[in-house]
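*Asks:* Got a predicted model here, sequence first, then my questions.
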Amino acid sequence: MKGLAYLFILILLVGSVGAVKVVREGTYSGGELRIKIGISNDFDVEKEFIIYEQLKGEFIGGEPSYCLGANNICYMKWHTKIPTGKIKVINYEVKPYFTGQYDSAPTKVEVNNKSYYSEPFAINVDCILDGICGSGENYLNCRDCSYGMEDGVCDFQVGICDLDCENDSDCEYPELSFFRRLKDWFLGLFR
């Protein structure tokens, strides 16, 4: 997408103990964090697995399974049967609450009264799609920011004052910028 810098981070975290493997992959682009959890059943028979995932952000597509404590930490919980030698993949999306480093807690998988954990991971979040060009967001990495905003990026365009650009002539006479934009808009009607 134009003006949107994709941040694609692939993280494979393998926790392998006994006959269970937990693999996680996280990708982030333009406001949503997509998580994939893969669990393989290397036991000799089909097993029932319980998967717990701590959410740090707004779960997209439903409500969390439960929330705990004064800080209202929310979790997803899935029950699934996995045939022997097969892999179950669980996908979900989260809208982070703030920009910066998103630290993910380990995924917990229970089977046969034993718990297995993936490794935690971190992904840099540079845009929260909330209609506000906020801290850490700019024209290059977030659709909330538009041309000319004071966002730390000089995105020069004729007729628009960008205070991030040194010596931008459109900023010297703001009323001239307005008339240039009005003229450009009017001429655009006849193209």
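*Replies:* Received it, and whenever you're ready, just let me know what you need.
*Asks:* domains of this structure?
*Replies:* Segmentation of the chain into domains, based on automatic domain parsing, reads 13-125, 146-191.
*Asks:* And those domains: which comes nearest Asn138?
*Replies:* domain 146-191 (4.0 Å; Cβ to Cβ). Where C-beta positions appear, they are placed from N, C-alpha and C, glycine not excepted.
*Asks:* Relative to the whole chain's centre, how far out is that closest one?
*Replies:* 31 Å (Cα atoms, centre = their mean, to the nearest Å).
*Asks:* That domain - what's its average pLDDT?
*Replies:* The average pLDDT for domain 146-191 rounds to 72.
*Asks:* if we can go back for a sec, in terms of mean pLDDT, which of the domains of the chain ranks lowest?
*Replies:* Across these, domain 146-191 has the smallest mean pLDDT, namely a mean of 72.
*Asks:* Look up how far Met76 lies from Ile94.
*Replies:* I think there's a mix-up here, since residue 94 is Val and not Ile. Distance of Val94 to Met76, given as Cβ to Cβ, to the nearest Å: 10 Å.
*Asks:* between these two, what contacts are shared?
*Replies:* Common contacts of Val94 and Met76 (Cβ atoms under 8 Å, 6 or more residues apart in numbering): Leu55, Phe59.
*Asks:* Contacts only, for Gly134.
*Replies:* Contacts of Gly134 by Cβ under 8 Å, 6+ apart are Thr99, Ile128, Asp144.
*Asks:* if we go to 10 Å?
*Replies:* Contacts for Gly134 (Cβ atoms under 10 Å, 6 or more residues apart in numbering) come out as Phe98, Thr99, Cys127, Ile128, Cys142, Asp144, Cys145, Asp151.
*Asks:* Check those residues for burial and list the buried ones.
*Replies:* Buried members of these, scored by 16 or more other Cβ atoms under 10 Å, are Thr99, Cys127, Ile128, Cys142, Asp144, Cys145, Asp151.
*Asks:* Tell me which two of these sit farthest apart.
*Replies:* It's Ile128 and Asp151 that sit farthest apart of the buried ones among the contacts of Gly134, by Cβ to Cβ, at 13.8 Å.
*Asks:* Find the residues that touch each one of these two.
*Replies:* With Cβ under 10 Å, 6+ apart, Ile128 and Asp151 have common neighbours Gly134, Ser135, Gly136, Glu137, Cys142, Asp144.
*Asks:* Now do the third one, the pLDDT please.
*Replies:* Same thing as Gly136. The model reports Gly136 with a pLDDT of 81.
*Asks:* Just to check, it is in contact with Ile128?
*Replies:* Yes - contact status for Gly136 versus Ile128: in contact at 8.8 Å, counting by Cβ atoms under 10 Å.
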